[in-house]
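Participant: Please find the sequence and the predicted model below.
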Amino acid sequence: MTNYEVMFIIDPTLEEAKKEATIETVQGIIAKDGEVVKTDVMGMKKLAYPIAKHEEGYYVVVEFKANPTLPYELNRKMKISDAIIRHMIINQDEL
């Protein structure tokens, strides 16, 4: 299994329950074919530049282990999510 890290920014206008549900959804996608190692909820932070007319975002970082095919599926599902305004998946073994 390969070590990965996904950082994503959740829409700051969502209710707290929906933010938590989004985090649980991402963890569920990962847990289906991999293993969540650590979840770091960083909370609200100012963005370097506006994204979708938002000046702030709710940052979350999830470290996980998975087969090389899981990041493609995770990327696809995060792209179509209305709650996630930006995300990045990094292969930590290649660093």
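Facilitator: Sure thing, it's come through.
Participant: centre of the chain versus stretch 29-46, how much separation?
Facilitator: Here the centre of stretch 29-46 is set off from its chain's centre by 6 Å, with C-alpha atoms, centre = their mean, to the nearest Å.
Participant: can you check stretch 46-64 too?
Facilitator: 10 Å.
Participant: Quick one: end-to-end distance for it.
Facilitator: 26 Å (C-alpha to C-alpha, to the nearest Å).
Participant: For it, buried residues please.
Facilitator: 47, 57-60, 62-64 (16 or more other C-beta atoms under 10 Å). In this view, the C-beta of every residue, glycine as well, is placed from N, C-alpha and C.
Participant: Next secondary structure after the helix or strand where Gly28 lies?
Facilitator: In the assignment (DSSP states H and E), Gly28 maps to helix 16-33. Using DSSP H and E, the next helix or strand after helix 16-33 towards the C-terminus is strand 34-51.
Participant: For the helix or strand following that following strand, which strands pair with it and how are they oriented?
Facilitator: Downstream of strand 34-51, the first helix or strand assigned by DSSP H and E is strand 54-66. With DSSP bridges as the test, strand 54-66 is paired with strand 2-10 (antiparallel), strand 34-51 (antiparallel).
Participant: chain center to strand 54-66: distance?
Facilitator: Chain-centre distance of strand 54-66: 4 Å, with C-alpha atoms, centre = their mean.
Participant: where in the chain is pLDDT low?
Facilitator: Regions of the chain meeting the criterion pLDDT under 70 are absent.
Participant: before we move on, the earlier item: against which helices or strands is the helix holding Gly28 packed?
Facilitator: Under the contact criterion of 3 or more C-beta pairs under 8 Å, 6 or more residues apart in numbering; DSSP states H and E, helix 16-33 touches strand 2-10, strand 34-51, strand 54-66, helix 70-79.
Participant: So for that helix, what gets flagged as buried?
Facilitator: Buried residues in helix 16-33, defined by neighbour count with 16+ other C-beta under 10 Å: 19, 22-23, 26, 29-30.
Participant: same check, this time on stretch 85-95
Facilitator: Across stretch 85-95, burial judged by 16+ other C-beta under 10 Å covers 85, 87, 89.
Participant: Pull the contacting residues for the last one.
Facilitator: Ile89 makes contacts with 4-6, 71, 74-75, as judged by C-beta atoms under 8 Å, 6 or more residues apart in numbering.
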